[in-house]
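1. 3D model of this:
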Amino acid sequence: MTTTTKPAAPVAASPNRRPGPVALGLRQGRLEITQFLRSRESVVFTMGFPVIMILIFAAIFNDEIAPGVSYTQYFITGMIATGLMTVSFQNLGIWIPIERDRGVLKRYRGTPMPKWAYFAGKVLMVVAIGVAETVLLLAVSVAFFDLDLPATAGRWLTFGWVSVLGVTACTLCGIAISSLARTARSGSAVVTPVALVLQFISGVFFVFTELPGWMQHVAALFPLKWMCQGLRAVFLPDSFGGQEPGGSFELGRVALVLAAWCVIGLVLCLTTFRWTTKRDG
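-> Below is the predicted model of the structure:
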């Protein structure tokens, strides 16, 4: 008696599935965050600088700048705004030219990966590091300098939309300004002076209304001043709004200016961004 063995059924080949848009963006974001954390210089400067500055300034200036308003309570608003600008505008303005000079962007453009995924990764990195840095700043300020956190949901809501609009504007402007750097080395030379000047004239290190009038007018042209002003509405009492140049915190105007800079930054990105260096043609 013979038995016949049926041949094994062929194994169906699993289709080569491409990741969807969400998965693709998340993968690129994870890659960007990993690359950022592997760069000690970026981590120390981007996340450590605001913390070091608030430790120094809050330790030196421990008096009140207005009844019931300590210097730390005022200074934290500028440091949060500076931290968000550093991780977005300054970080992207320096690192994108490095990637362009090394040919990373050229290789990205030659792969099947859609172009938007590259920018999605940058945005996710900015959001993740920005949130971590803000939490770290608040924790240090509460633990060591008795910072009073916002007590109402309305103030937290203001904190949210000011941060979102501000970091969006700074991210787009950082991508746009990256095209001004001709080489990897020139990125820092182009971006860092701009960022430092804006910090000094936007009420980050000093009370804004104590600056010369012409500085206040120049600062009002750029997002950082309005980010600081919007955050002052979150952390300072309502009565302090009377000391602002406009006689109030002008949250409507803050939203309008930051939204306008989001549009300006987007237009600049679309018209100026380059994937290759000039020597690549």
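2. and for residue 119, the neighbour number?
-> Around residue 119 there are 18 other residues, counting by other C-beta atoms under 10 Å. For glycine as for every other residue, the C-beta is placed from the backbone atoms N, C-alpha and C.
3. same deal with residue 27?
-> Using other C-beta under 10 Å, the number of residues around residue 27 comes to 16.
4. name the helix or strand for it, please.
-> helix 21-38 (DSSP states H and E).
5. check which residues of that helix are buried.
-> 24-29, 32-33, 36 (16 or more other C-beta atoms under 10 Å).
6. what's it packed up against?
-> Applying 3 or more C-beta pairs under 8 Å, 6 or more residues apart in numbering; DSSP states H and E, we find helix 21-38 packed against helix 40-43, helix 115-145.
7. quick check: angle from that helix to helix 115-145?
-> Put simply, helix 21-38 runs at 50 degrees to helix 115-145, going by axes from the mean of the first three to the mean of the last three C-alpha atoms, to 10 degrees.
8. quick one: distance of helix 21-38 to the chain centre.
-> Using C-alpha atoms, centre = their mean, to the nearest Å, the mean C-alpha position of helix 21-38 is found 16 Å from that of the whole chain.
9. contacts for it?
-> Outside of helix 21-38, the residues within contact range by C-beta atoms under 8 Å, 6 or more residues apart in numbering are 19, 42-43, 46, 91, 113-114, 117-118, 120-125, 128-129.
10. show residues contacting stretch 171-184.
-> Counting by C-beta under 8 Å, 6+ apart, 88-94, 96-98, 100-102, 119, 122-123, 126, 187, 189-191, 194, 223, 261-262, 264-266, 268-269, 272-274, 277-278 sit against stretch 171-184.
11. can you give me the strands in the stretch 51-200 of the chain?
-> In the stretch 51-200 of the chain, the strands defined using DSSP state E, counting those that start in this stretch lie at 64-66, 69-70.
12. quickly compare the helices and strands packed on helix 21-38 and say which is most buried.
-> Comparing the helices and strands packed on helix 21-38 by mean neighbour count (mean count of other C-beta atoms under 10 Å), helix 115-145 comes out on top with a mean of 18.
13. before we move on, the earlier item: could you export the helix holding residue 27 as PDB, CA atoms only?
-> Output in PDB follows, covering the C-alpha atoms of helix 21-38 (Å, rounded to 0.1, in the frame of the first residue of the first chain):
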ATOM      1  CA  PRO A  21       1.700  59.100   6.100                       C
ATOM      2  CA  VAL A  22       1.300  59.100   9.900                       C
ATOM      3  CA  ALA A  23       3.800  56.200  10.300                       C
ATOM      4  CA  LEU A  24       6.200  57.800   7.900                       C
ATOM      5  CA  GLY A  25       6.100  61.100   9.700                       C
ATOM      6  CA  LEU A  26       6.600  59.400  13.100                       C
ATOM      7  CA  ARG A  27       9.600  57.400  11.800                       C
ATOM      8  CA  GLN A  28      11.200  60.500  10.500                       C
ATOM      9  CA  GLY A  29      10.400  62.400  13.800                       C
ATOM     10  CA  ARG A  30      12.000  59.600  15.800                       C
ATOM     11  CA  LEU A  31      15.100  59.700  13.600                       C
ATOM     12  CA  GLU A  32      15.400  63.500  14.100                       C
ATOM     13  CA  ILE A  33      15.000  63.300  17.800                       C
ATOM     14  CA  THR A  34      17.600  60.500  18.000                       C
ATOM     15  CA  GLN A  35      20.000  62.600  16.000                       C
ATOM     16  CA  PHE A  36      19.400  65.600  18.200                       C
ATOM     17  CA  LEU A  37      20.000  63.700  21.400                       C
ATOM     18  CA  ARG A  38      23.200  62.200  20.000                       C
END
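14. which residues of the stretch 51-200 of the chain fall in helices?
-> Assigned by DSSP state H, counting those that start in this stretch, the helices in the stretch 51-200 of the chain fall at 71-85, 91-101, 104-109, 115-145, 153-177, 186-201.
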